[in-house]
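In: got a structure for you, letters missing:
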């Protein structure tokens, strides 16, 4: 059927501004909550108690030998005791702050998204593990560790470079372990991942 001669012609872009009936309106993406910090900080100094104890014993032994050498009458033995005691005292005294500093430089940041590990004295190295790769989380505590309120969290993942991560001597480990375990389960459920056996 022909249109009247004086009827206005449709605008060529008139339908471009009309919403399409074929496509449903886009729904806004559900915003994920920001990651919750489970743990952040260095591990306990009990991690290196054996090395710290050895350095302290070396410093005390060097001090004792040095004092003994100073009390001796001048001679070869006196010189040997003074030199050996002074060297042992200096080595133990320098080793103690080095060990404390190195342990304090090992820091972890555990959130509901990833685990970040930072280590190194002069040159920092930071690596991270996505919780989506984690397959299992375990907490181990010896009797001494339970008394000292520290523990080791063992993390097993599908990461090729570091499939087993050990967070040793973490203070108050039970709440950290429970929150980390729940975060791994929750993230796996949201992503539809079926846990695998180690």
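Out: Arrived safely, thanks for sending. Because the structure is predicted, anything quoted here is derived from the model rather than measured.
In: drop to CA atoms for contacts and neighbour counts, all remaining ones
Out: Noted.
In: who does the lengthiest helix in the chain touch, helix- and strand-wise?
Out: Longest helix in the chain, counting residues (DSSP state H): helix 76-104. Packing partners of helix 76-104 (3 or more C-alpha pairs under 8 Å, 6 or more residues apart in numbering; DSSP states H and E): helix 49-71.
In: got the buried residues for the helix it packs on?
Out: By neighbour count with 16 or more other C-alpha atoms under 10 Å, helix 49-71 contains the buried residues 52, 55-56, 58-66, 69.
In: tell me the one of these nearest residue 157?
Out: residue 52 (31.9 Å; C-alpha to C-alpha).
In: against residue 65, how distant is the closest one?
Out: Separation of residue 52 from residue 65 (C-alpha to C-alpha, to the nearest Å): 20 Å.
In: and what of residue 116?
Out: Going from residue 116 to residue 65 by C-alpha to C-alpha gives 45 Å.
In: which residue ranges of the chain form strands?
Out: Applying DSSP state E to the chain gives strands spanning 37-42, 107-111, 114-119, 125-130, 134-140, 150-157, 164-171.
In: got a list of what the spatially closest residue to residue 134 that is not a sequence neighbour touches?
Out: For residue 134, ignoring the flanking residues on the chain, the nearest one in space by C-alpha to C-alpha, 6 or more residues apart in numbering is residue 157 at 4.1 Å. Neighbouring residues of residue 157 by C-alpha atoms under 8 Å, 6 or more residues apart in numbering: 133, 134, 135, 136, 163, 164.
In: over to residue 134?
Out: 155, 156, 157, 158, 184.
In: now swap in residue 176 and tell me
Out: 38, 39.
In: pick out the residue nearest the middle of this protein.
Out: Geometric centre of the chain, nearest residue: residue 108, 2.7 Å, by C-alpha atoms, centre = their mean.
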